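1. Pasted the sequence and its predicted model underneath.
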Amino acid sequence: MTTTNGSREAPKTLRRTRPRWLTPLILVTVLLAAIMAMTMLTPDRQGSDEDLDPANPAGSGAQALAHVLVDHGVNVTVVRNQRELLDQRVDSATTVVIPRTDQLSGRTAEVALDHVAAAASVVLLDPDPDVTKGMGLPVDSHLTDLEDATAGCQGAPIGEDFRLGQAHRAYLPTRGESAATTCFPDKSDGGGAMVTLAAIAGRPRLTLLGDTSLIANRTILQADNAAIALRLFGHTDRLIWYVPSVADIAAADSTSRSIAPSWLQPGAVLAASAFVLLCLWRGRRLGRLVTEPLPVIVRAVETTESRGRMYRKSRDRARALAVLQLATRRRLAAYLGLSPSSPVGSVAAAAAAVSGRSYHDVLDQLSSPAAHDDSSLVELANALVSLEKEVRRI
């Protein structure tokens, strides 16, 4: 029997001696091994993951349009920051397209337009007021919601019957800009989803299109998006595809848009979630709440008795009497419906009216500081108790 009991207790002893940190260590090791395996087995993806980038094959990229342009003999040059753009030679046989205008500030937009002033055409996708004002363009813009809109314009690079899949911004040339062509009209608020500004001295021909999904891989086949994109991007032998970088925006640049990277918000959410999970995981290690008996029992009246002994030891009868009178006044005021901050005269008058005593007698009991010895203090305390009983009719 002794041997059997010993053999049964042995596994329990072994379980107790296992370190607590062993289980988390095993889980972390397995997780790291899984991440390394996925990293090694996943082939490296060539290209870019930026939206509307010609090297991005995903649905938000524009690789399909770039490949078609190359197949049609267009020399596509991709630049991904303003320094690379300024290093490019731009002439009348060059088209410049800027699809990510949301990554431009007013200053960088002005610098880019000045450098490409000799281009045959410049195409801007969804430029907002920050960009149009920075470039000094004579147009206003407003948000809209157009779907399957017909061009309905003449003299533009596209056909009159071309249909645009969607647009969320419309442009309206300002007064004095007569050499402007408006297509895909916004019949509710005026203007159109595409405006072409004729070339003038120091400025090339500009096409503003209030839609970025026109060239995206997932939507380029909607309506006549592909035909519109080829007409705008491929009418010259050379195309400079400028993908702006937020790193070009200086701290002093004024912009109404946030220039935070796209991963900032998801990263913050992920970090907050990890912190909450960590708190829950470690919080459970504390175990359930248990009750613990107190070592001593403290009576509620002990504070009052202790203060009384302190007054007695210091022979501060005036202070003891003042405390008793203040407590009596507060109880009487509460019973008589008076404010706790009511003056002693008001409390005395109300108490005298209820008890039948004289006003001066009650006022003297509630405010007199006379307490010459212990016996007089006891007498005054008993008088206060009697007054309170008469008022409360106890």
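-> The structure has been received and is ready for your questions.

2. contacts, neighbours, all on C-alpha from now
-> Fine.

3. Report the central residue of the protein.
-> The residue lying closest to the centre of the chain (CA atoms, centre = their mean) is Gln265, at 7.9 Å.

4. So what does that residue look like in phi/psi?
-> Main-chain dihedrals, Gln265, degrees, to the nearest 10: phi -70, psi -50.

5. Quick one: residues contacting it.
-> For Gln265, no contacting residues are found, by CA atoms under 8 Å, 6 or more residues apart in numbering.

6. Tell me the confidence at it?
-> Listed pLDDT for Gln265 reads 76.

7. Spell out the residue ranges of the strands in the stretch 51-200 of the chain.
-> In the stretch 51-200 of the chain, the segments counted as strands under DSSP state E, counting those that start in this stretch are 75-79, 94-98, 121-125, 139-150, 163-173, 180-185, 192-197.

8. circling back to that earlier point, and the gap between the residue nearest to the centre of the chain and Ala271?
-> Separation of Gln265 from Ala271 (CA to CA, to the nearest Å): 10 Å.

9. ok, Thr328 to Gln265 distance?
-> 63 Å.

10. Check Ser339 too.
-> Using CA to CA, Ser339 is found at 55 Å from Gln265.

11. what does Leu209 give?
-> 28 Å.

12. Correct me if wrong: Val391 contacts Ala351.
-> Yes - assessed by CA atoms under 8 Å, Val391 is found in contact with Ala351 at 6.1 Å.

13. Among those two, which residue is more densely surrounded?
-> Ala351 (26 against 19; other CA atoms under 10 Å).

14. quick one: pLDDT of that one?
-> 89.

15. So it is in contact with Arg331, correct?
-> No - if you go by CA under 8 Å, Ala351 and Arg331 don't touch, sitting 11.1 Å apart.

16. got the domain boundaries for this structure?
-> Domain ranges of the chain: 63-247, 302-392, per automatic domain parsing.

17. Now the terminal residues of the longest one, how far apart.
-> To tie it back to what came earlier, the one meant is domain 63-247. With CA to CA, one end of domain 63-247 sits 23 Å from the other.

18. how far out from the middle of the chain is that domain?
-> Chain-centre distance of domain 63-247: 32 Å, with CA atoms, centre = their mean, to the nearest Å.

19. Highest mean neighbour count out of the domains of the chain?
-> With neighbours taken as mean count of other CA atoms under 10 Å, those reach their highest mean count in domain 63-247, at a mean of 19.

20. what touches both of Val391 and Ala351?
-> The contact lists of Val391 and Ala351 share Leu332, where a contact means CA under 8 Å, 6+ apart.

21. pLDDT below threshold where in the stretch 1-150 of the chain?
-> Across the stretch 1-150 of the chain, the ranges flagged by pLDDT under 70 are 1-22, 37-47.

22. any low-confidence regions in the stretch 151-300 of the chain?
-> 176-178, 251-263, 282-288, 294, 298, 300.

23. which residues in it form helices?
-> Here the stretch 151-300 of the chain has its helices, by DSSP state H, counting those that start in this stretch, at 225-233, 264-284.

24. From what I see, Val76 and Leu239 are in contact.
-> Yes - assessed by CA under 8 Å, Val76 is found in contact with Leu239 at 4.8 Å.

25. OK, contacts around Ser48?
-> With CA under 8 Å, 6+ apart, Ser48 has these contacts: Ala55, Asn56.

26. element containing it, please.
-> Per DSSP states H and E, Ser48 falls between elements, in no helix or strand.

27. Next one: it from Gly61, what distance?
-> 8 Å.

28. intersection of neighbour lists for those two?
-> Common neighbours of Ser48 and Gly61 (CA under 8 Å, 6+ apart) are Ala55.

29. Now render the domains of the chain as CSV, adding distance to Ile35.
-> Shown next, in CSV, are the domains of the chain (distance: least, CA to CA, whole Å):
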stretch, distance to Ile35
domain 63-247, 29
domain 302-392, 64
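
30. Quick one: closest of those domains to Leu52.
-> Nearest of those to Leu52, taken as CA to CA: domain 63-247 at 6.1 Å.

31. What separation do you get for Trp241 and Lys187?
-> Noted for Trp241: a distance of 32 Å to Lys187, by CA to CA.

32. right, I mislabeled it, should have said Leu172
-> Where Lys187 is concerned, Leu172 sits at a distance of 12 Å (CA to CA).

33. repeat for Glu50
-> 34 Å.

34. can you pull the contacts of Asn225?
-> For Asn225, the contacting residues are Arg163, Leu164, Gly165, Leu214, Ile215, Thr219, by CA under 8 Å, 6+ apart.

35. Closest one to Asp71 out of the residues you listed, please.
-> Ile215 (16.3 Å).

36. Next up, phi/psi of that closest one, please.
-> According to degrees, to the nearest 10, Ile215 has phi -110, psi 0.

37. Wait, Val90 touches Ala119, no?
-> Yes - the pair Val90 / Ala119 is scored as a contact, 5.8 Å apart, by CA under 8 Å.

38. follow-up on the earlier one: of the strands of the stretch 51-200 of the chain, which is nearest Leu85?
-> Smallest distance to Leu85 across the strands of the stretch 51-200 of the chain (CA to CA): 5.9 Å, for strand 75-79.

39. Counting by contacts, list what that closest one packs against.
-> helix 63-71, strand 238-242 (3 or more CA pairs under 8 Å, 6 or more residues apart in numbering; DSSP states H and E).

40. Can I get the ones you listed in JSON lines including distance to Ala151?
-> Formatted as JSON lines, the helices and strands packed on strand 75-79 follow (distance: least, CA to CA, whole Å):
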{"stretch": "helix 63-71", "distance to Ala151": "21"}
{"stretch": "strand 238-242", "distance to Ala151": "24"}
